[in-house]
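Q: attaching a predicted model along with its sequence, questions to come.
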2 protein chains.
Amino acid sequence: MSITIKDIARETGFSVATVSRVLSDKTGFFSPQTAIIVREAAANLGYKKNMAATELVTQKSNVIAVIVNSTKTNFSDQIINGIQKRADEAEKRVIILYAGDRNERAQKIALSTALERPILGILLLSVDLFPSNLDILTSSQIPFYFLSISFKNNELNYISSDDQEIGYQATRYLLEQGHKNIGIAGLDITNSAHTGVLRFKGYQQALNESGITFKQHWLQTGDYSYESGISALRNYCLNKDVTAVIAASDLVGIGILNECSHLKINVPAELSIITIDGTNLCKLVRPQLSSVTQDFYRMGYLGTTYLINSAQNNAYTSIVINQRQSVQKISSTDY
Amino acid sequence: MSITIKDIARETGFSVATVSRVLSDKTGFFSPQTAIIVREAAANLGYKKNMAATELVTQKSNVIAVIVNSTKTNFSDQIINGIQKRADEAEKRVIILYAGDRNERAQKIALSTALERPILGILLLSVDLFPSNLDILTSSQIPFYFLSISFKNNELNYISSDDQEIGYQATRYLLEQGHKNIGIAGLDITNSAHTGVLRFKGYQQALNESGITFKQHWLQTGDYSYESGISALRNYCLNKDVTAVIAASDLVGIGILNECSHLKINVPAELSIITIDGTNLCKLVRPQLSSVTQDFYRMGYLGTTYLINSAQNNAYTSIVINQRQSVQKISSTDY
DNA sequence: ATACCTAGAGCAAACGTTTACAATAGATAT
DNA sequence: ATATCTATTGTAAACGTTTGCTCTAGGTAT
C-alpha cells in the first residue's frame, strides 16, 4: 500500500483538499508556508501521485497513445522522436503500443489497451487498420490520426508524404539523369491505404510527360521488404532493359543492391537505384543509396501538434531528393 | 461522457454489482440469462471498461511497462517481440516508454509515467539508469528487471548475455582461424553497467590462454556507434598489425567495414571482422558480417516470465557464433 | 459601527469500478 | 412444518483524487 494524499494530510494536520491543492499547484488556494510544509512531507514520505485516481475524477488525461506495427519499419523511430519532442514541449506523456504484424487480434488488443484508459488521443504509425478495428476506434470518440499513411477520402485524419509526388519526383530525377527505361519495384498496389497506387500514379505521370510508354514488366509489385527487392531485380534481369529502378523502400533498395552484387551487376554503372524513405540504412550500405527522403520526424511532430490542438486537418510533409552514390547519369548515346 | 456500468444497469434493470460481475466474468455469481441480457446491452451501448477505475479499486494492474532508450539500439525490436509474446500468453498488456538518449530528465519522465499509474512491473531495455532515477525506482516497491545489461553485484535483477563469455568466444573463434593480432573496437570500458569491461575481460582471457601478449592499441574504445567503428579502423591503420577485429556492436562492425571500403582494404582478405549482436544488419551489408549473436528475443521472453512470476533471479541467455562472410582463416605462414 | 471582501482552509460529493456482506426465494433435508 | 442450504441479486463501502461550496477571521471601505 503506497503513500496517499491522506497520509500527508494526517501527517501535516491539513485536510486532503489542501494537500491536493498544493500538490497540484492550484496557486492562490493555499499560503506559501502551507505549501512548504506539505511539499516537504510529500517528499519525506516518498509520495507518488496515483494517476488512475486523478484521471478518474478529472475525466481527462495527458497521455498520447502511439500504435505501431511490429514489422520493422525502420523509420518509426524517427516519427516517434518527433512525437516525443512535441509531447514533451506540451507536457504530455506518450506510451507506445505494438500492434503486431498486420494481425487483427494484436491490433485489437493494442487498441483496447489504449481505449480502456483515459487518454488524450491516438496516433497510428503506418498501421493499416482492419475494418473491424477501425470501427472500434471511430466509435470510441477518442481523437486519432494516421501517420505515414494517407487515404482516398478525407474522412480520416492523416499526416503523410504526398505519395504521388514521391513517385513523380523520383521518376523525374531519373529522367533528368538520362534514364528512359525505369523500373519501379517492391510496392503494393492493392493496399487499401493505397500508398503504392499513388506512387505508381506519380511515376506514370512523369513517364507520360516525357512521352515514354510504360512497359508492364517495369512494375514489380511487392510488400516493401528486402525480399521484394531481390525478386524484383531477378525479374528485371529477364528483360535486361531497365537502366534505373525506383525502390519502394530502403529495404527494397538494399535487396536490389545485394542481388546486383550477387549477380555481378555494377551499381550504379550498370543499374541506377533510387529508394524511397531515406533512412539511415541508405548510408550504411555501399554504394550509398540515393533516395527521395521523407520527413518522418516532422510527421510525428505535426501529428502530435494536431492531436493536441484537435485540429481536424490532413497534411503532407515535405520530401527531398538526396543524391548519394547509387544513381549515375547516362548519356543518350549509351543506347 | 462515455457509457458506464451504471448506464447498463439502468438499461437492464439490474444493479451495478450484477452488471459488474457479468462483465468481469465472476462466474457463479449470476444466472446465464442475466449474463446474456447484460452482455447484449453492453454491446449495444458500446460499453468500454474504464481501467483507471478498476485499477483504482483492485489495486493491481495487468500492464507491464517497458522502458527503452531512444538511441537506435536496433535490437530492441527483438527483445520487445519476446516480451510481447510472453505477455500475450499471460494475458498481460505492455506499454512502451521512451527514455531518451542517456538523458536524465527523459529517464525520469518515463519512469514517472510508469510509476504514476498502477502497473505490474517494469522492464528496462538496455537503459543505464542514472543513480537518482535508480533511487526513484527502487523506492517505488514495483518489481523491475534490467534486460541486456548486467551488474557486478547481484542486488539488481537482470537478464542478459554473459558478456565475458561473448568476448571470450569471439576471441577464441578468431584465434582458431589463425589470427594472432586481434583488435577489439567500439566498446565502453567506463560504463557503470560494465558490459564493455566484461567483454574486454573475456577477450584478454582468451588471449592469455593462447599465450599472446595484448598490445594496448588493440583496444579501441568507443560508444558502440557507427562512428566508433570508423575511428577505430583509422587507428588500427596506424600500426597495421591487426588481422582481425572484434566489433562491439553491429553498427561498429559496419563502420569498420565501410571505412575499409573507403580505404580500399579488402574484407576479409586483409582484415577479418566479427561483430557482437548479430541483428539483421549483418545480413544487409556486403560482405555479410560474421557475428556472435545474442538471443534478444529470449531475453525479452524470459524477463517477462520472471516479472510475471516475480522470480528474483538473474539469468544469462545463450550466444552463438554465426559464420558469414567477414572472417577469413589465415595460415601462420602469412606472417 | 456596519457592510463587504478576501485569503486560507475544510467538508463532502463525485469519478467508475469491485466486492464483502446482506437479503431473498426457492429447494432440500429432517 | 422447520431448519438449512444454495443460487442469484442488491446495498453500500472503498479505492485516491479533485473541486464546488461553505466557513472563519481578519482587513477594507463607508
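A: That came through fine. Numbering: from 1, shown residues only, chains lettered A, B, ... in the order given.
Q: now the end-to-end length of stretch A:111-122.
A: Across its full length, stretch A:111-122 reaches 9 Å end to end, with Cα to Cα, to the nearest Å as the criterion.
Q: apologies, that question was intended for stretch A:41-51.
A: Using Cα to Cα, the distance between the terminal residues of stretch A:41-51 is 19 Å.
Q: next one: it to chain centre, how far?
A: Averaged C-alpha coordinates place stretch A:41-51 at 37 Å from its chain's average position (Cα atoms, centre = their mean, to the nearest Å).
Q: who's in contact with residue A:147?
A: Remark: with contacts taken as Cβ atoms under 8 Å, 6 or more residues apart in numbering or on different chains, residue A:147 is in contact with A:79, A:123-126, A:158-160, A:299-300, A:303. C-betas here are computed from N, CA, C, even on glycine.
Q: which of these fall in helices?
A: Filtering the contacts of residue A:147 for membership in helices, criterion DSSP state H, returns A:79, A:299-300, A:303.
Q: from those residues, list the buried ones, please.
A: With neighbours counted using 16 or more other Cβ atoms under 10 Å in any protein chain shown, the ones in helices among the contacts of residue A:147 contain these buried positions: A:79, A:299-300, A:303.
Q: that's a helix at residue A:156, yeah?
A: No - secondary structure of residue A:156 (DSSP: H, G, I helix; E, B strand; the rest coil): coil, not part of a helix.
Q: pLDDT wise, what is it at?
A: Among the per-residue scores, residue A:156 holds a pLDDT of 92.
Q: next, count neighbours for it.
A: In terms of burial, residue A:156 registers 19 neighbours under the definition other Cβ atoms under 10 Å in any protein chain shown.
Q: what sits against it?
A: Contacts here follow Cβ under 8 Å, 6+ apart; on that basis residue A:156 touches residue A:146.
Q: and it, how far is that from DNA strand D?
A: In this structure, residue A:156 lies at 32 Å from DNA strand D, with Cβ to the nearest atom of the strand, to the nearest Å as the measure.
Q: equivalent analysis for residue A:160, please.
A: The separation that residue A:160 has from DNA strand D, given Cβ to the nearest atom of the strand, amounts to 36 Å.
Q: hmm, that residue is touching residue A:148, no?
A: Yes - taking Cβ atoms under 8 Å as the definition, residue A:160 is a contact partner of residue A:148 at 5.1 Å.
Q: just the contacts of residue A:147 now: which is nearest residue B:107?
A: Within the set of the contacts of residue A:147, residue A:300 lies nearest residue B:107; the separation is 20.3 Å, counting by Cβ to Cβ.
Q: about what we covered before: minimum pLDDT in the contacts of residue A:147, which residue is that?
A: Sorting the contacts of residue A:147 by confidence puts residue A:126 at the bottom, with a pLDDT of 90.
Q: residue numbers of chain A in contact with DNA strand D?
A: Taking Cβ under 7 Å from any atom of the strand as the test, the list of chain A residues beside DNA strand D reads A:1-2, A:4-6, A:16-17, A:20-21, A:23-24, A:26, A:47-50, A:53-54, A:56-58.
Q: tell me where the stretch 1-150 of chain A has helices.
A: In the stretch 1-150 of chain A, the segments counted as helices under DSSP state H, counting those that start in this stretch are A:5-12, A:16-23, A:32-45, A:51-58, A:76-89, A:104-115, A:131-138.
Q: what's the closest residue to residue A:265 other than its chain neighbours in contact with, if anything?
A: Among residues not flanking residue A:265 along the chain, residue A:271 sits closest, at 5.7 Å (Cβ to Cβ, 6 or more residues apart in numbering or on different chains). Contact analysis of residue A:271 by Cβ under 8 Å, 6+ apart lists A:236, A:242-245, A:256, A:260, A:265.
Q: give me the distance between residue A:271 and DNA strand C.
A: Relative to DNA strand C, residue A:271 is positioned 59 Å away (criterion: Cβ to the nearest atom of the strand).
Q: separation between that residue and residue A:262?
A: Relative to residue A:262, residue A:271 is positioned 13 Å away (criterion: Cβ to Cβ, to the nearest Å).
Q: picking up where we left off before, mind checking how far the residue nearest to residue A:265 is from residue A:233?
A: For residue A:271, the distance to residue A:233 under the criterion Cβ to Cβ works out to 8 Å.
Q: find the residues that touch each one of the two.
A: With Cβ under 8 Å, 6+ apart, residue A:271 and residue A:233 have common neighbours A:245, A:256, A:260, A:265.
Q: which of those sits closest to DNA strand C?
A: DNA strand C has its nearest neighbour among the shared contacts of residue A:271 and residue A:233 in residue A:256, at 52.0 Å by Cβ to the nearest atom of the strand.
Q: wait, doesn't the closest one sit right on residue A:231?
A: No - with contact defined as Cβ under 8 Å, residue A:256 does not count as touching residue A:231 (9.7 Å).
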